[in-house]
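In: Sharing a sequence plus its predicted fold:
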Amino acid sequence: MLRHAAVAGTWYPGDPGALVKELERYLSPARPPSQRASQLVAVIVPHAGLMYSGPVAAHAYALLEQATFDVAVLVGPSHYVAFDGVAVWPDGSFETPLGPVPIEATVAGGLLEGCPVAQVLPAAHAREHSLEMQLPFIRHLAPDLPIVPVVMGDQARATIAALGHALVDVLADRRALLVASTDLSHFFDRSTASKLDGRTAGLVARFDTEGLLSELERYPDYERGRFVMCGGGPAVSVMTAASGLGASQARVLARANSGDVSGDDDRVVGYLAAAFERAAPVH
């Protein structure tokens, strides 16, 4: 099964050379000055057009150069198809201008078998940009790294928990990177967005998984993406799984909003990059 790129040439450059040049423009200032001893387990990254969210996402993806993984599990929200549970792409590859990204079929199959809310639903992936926007960074920085794409339909507490716990079971013996794809608040003025996003970022920085879920549940389903995160469910699932896989500390790496690029401060979208890591071993 080949999933064709849906937003190459619009949300990010479709030309390989131009794409690498843009990625490196964002990665260069984001690369940490020295390697940390802690061990990366998961990241939260945004998924807007590359020119808007790329400078923030680069802070998380720069950490890929300091670690080795055998699979990346990408979890993002569904923007176009309404469905219950989560949709796992089972095998084949995802197309990118830098070459195809292969699916880790064993992990995908384990999720489909072990997660009670998982299903195969190609239509949920066909137009979805929340996962596709991660592929240029992954293909550029870790060209041999296979992925498991997971799109979350409903973001009910039961769905979030089922996926989080299944990820722990399936990935227990793997060197896995978990990737939660989400933007922050949507279409508030800069001042309001800063307050809302600051609250969300604080919960992430404290690794407060239950607190973030409770913050989401303060709002009706259709308002959670506007006030908190459009991918709040994926973020909570990934944080749950990261904790179960040994991560004990969280870092907010970068935060910005669309107005930083567009100059429009009246209706902004917030972006966050964060990392969840195991503590460095004590010698």
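Out: Thanks, I have it. Owing to the predicted nature of the structure, the values given are computational and were not obtained by experimental measurement. Residues are numbered from 1 along each chain as shown.
In: Every contact and neighbour count from this point should use C-alpha atoms.
Out: Noted.
In: for this structure, what are the low-confidence residue spans?
Out: By pLDDT under 70, the low-scoring segments of the chain are 34-38, 281-283.
In: longest strand in it, by residue count?
Out: strand 268-278 (DSSP state E).
In: before we move on, which element is Ala256 in?
Out: Assigned by DSSP states H and E, Ala256 belongs to strand 249-257.
In: Just the C-alpha atoms of that strand, please, in CSV.
Out: Output of strand 249-257 as CSV, limited to C-alpha atoms (Å, rounded to 0.1, in the frame of the first residue of the first chain):
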residue,chain,number,x,y,z
GLN,A,249,11.1,14.2,32.5
ALA,A,250,9.7,16.6,30.0
ARG,A,251,11.1,19.7,28.3
VAL,A,252,9.4,22.4,26.3
LEU,A,253,11.9,23.1,23.5
ALA,A,254,10.2,25.9,21.6
ARG,A,255,6.9,27.8,21.3
ALA,A,256,5.7,30.3,18.8
ASN,A,257,2.6,31.2,16.7
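In: got the angle between that strand and strand 268-278?
Out: If you take axes from the mean of the first three to the mean of the last three Cα atoms, to 10 degrees, strand 249-257 sits at 160 degrees to strand 268-278.
In: what's in contact with strand 249-257?
Out: Outside strand 249-257, the residues that touch it by Cα atoms under 8 Å, 6 or more residues apart in numbering are 52-53, 56, 59-60, 201, 204-207, 268-279.
In: Does anything pack onto the longest strand of the chain? Which helices or strands?
Out: Here strand 268-278 touches strand 39-45, helix 50-61, strand 186-188, helix 190-205, strand 249-257, going by 3 or more Cα pairs under 8 Å, 6 or more residues apart in numbering; DSSP states H and E.
In: which residues are in contact with the shortest one?
Out: The one in question is strand 186-188. Ala193, Gly225, Arg226, Phe227, Asp266, Arg267, Val268, Val269, Gly270.
In: So which residues of the stretch 51-200 of the chain form strands?
Out: 71-77, 86-88, 93-94, 101-102, 118-119, 147-152, 176-181, 186-188 (DSSP state E, counting those that start in this stretch).
In: out of these, nearest to Glu65?
Out: With distances scored as Cα to Cα, the stretch of the strands of the stretch 51-200 of the chain nearest to Glu65 is strand 176-181 (12.6 Å).
In: What strands line up against that closest one, and which way round?
Out: Sheet pairing for strand 176-181, assigned by DSSP bridges, gives strand 39-45 (parallel), strand 71-77 (parallel).
In: Tell me which of those strands sits most buried.
Out: Most buried of the strands paired with strand 176-181 by mean neighbour count (mean count of other Cα atoms under 10 Å) is strand 39-45; its value is a mean of 27.
In: Quick one: work out the angle between that strand and helix 50-61.
Out: Using the same axes, to 10 degrees: strand 39-45 against helix 50-61 is 160 degrees.
In: Using PDB, write out every CA atom in strand 39-45.
Out: Below are the C-alpha coordinates for strand 39-45, written out as PDB (Å, rounded to 0.1, in the frame of the first residue of the first chain):
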ATOM      1  CA  GLN A  39      17.400   9.300  26.400                       C
ATOM      2  CA  LEU A  40      14.700  10.500  24.100                       C
ATOM      3  CA  VAL A  41      11.400   8.600  24.100                       C
ATOM      4  CA  ALA A  42       8.800  11.000  22.600                       C
ATOM      5  CA  VAL A  43       8.200  14.400  21.100                       C
ATOM      6  CA  ILE A  44       5.300  16.700  20.600                       C
ATOM      7  CA  VAL A  45       5.500  18.600  17.300                       C
END
